[in-house]
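J.: sequence plus the predicted model coming up.
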Amino acid sequence: MSPPNPFSDRLRFAEFELDRLPNGRCRARVGLTWKESEQFVGESEGLASQAGELRCAAQACVNALGGAVQGGLGFELLGVKAVRAFDSTVVIVSLAVQGEGSGHRVVGSYLTENDAARGAALAVLNATNRILGNRLFMR
């Protein structure tokens, strides 16, 4: 018998897809899983520029999170930025969290070598996983 997975109560990043469209826009799709049985998908569309693709990917992850929390919390993407540090790219996101009578901000980051858009989606998940771990476990 295998030991229980201590991370089974957290949302997991399952899939990421970014398409650059011929009209100068991009479309991102992020898939999240919880307990390997529930799946949540978010999509977003934006400008096909470096900053636009980061925002599009981060917003797709925010949209997937909305399905996971089923209206219990609200997330708003305030900003996303890729910065060069330590010979790598660090993607940083800032989110507003509304719910349970109060609002606050959270920040997440992800260190990436070559896929900053995917890193933006993962940074959103890193920013929210501490908040959502307990919430999802209690439902």
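T.: Now that the structure is in, tell me what you want to look at.
J.: when you work out contacts or count neighbours from here on, use the C-alpha atoms and nothing else.
T.: Fine.
J.: over to residue 71. Which of the three states is it?
T.: Here residue 71 is recorded as coil under DSSP: H, G, I helix; E, B strand; the rest coil.
J.: who's residue 106 bridged to?
T.: Taking DSSP bridges as the rule, residue 106 bridges to residue 95.
J.: residue 88 against residue 111, yeah?
T.: Yes: using Cα atoms under 8 Å, residue 88 is in contact with residue 111, at 6.9 Å.
J.: the more surrounded of these two?
T.: Legend: neighbour count by other Cα atoms under 10 Å for residue 88 and residue 111, higher for residue 111 (21 against 13).
J.: what are the phi and psi values for that one?
T.: phi -90, psi 120 (degrees, to the nearest 10).
J.: now swap in residue 71 and tell me
T.: Note on residue 71: backbone dihedrals following degrees, to the nearest 10 are phi 80, psi 0.
J.: check residue 35 too.
T.: phi 60, psi 30.
J.: tell me how far it lies from residue 43.
T.: As judged by Cα to Cα, to the nearest Å, residue 35 and residue 43 stand 21 Å apart.
J.: the more surrounded of these two?
T.: Under the criterion of other Cα under 10 Å, the comparison of residue 35 against residue 43 puts residue 43 first, with 21 against 14.
J.: isn't there a strand covering the more buried one?
T.: Yes: counting by three-state DSSP, one finds residue 43 located in a strand.
J.: nice, that's everything, thank you.
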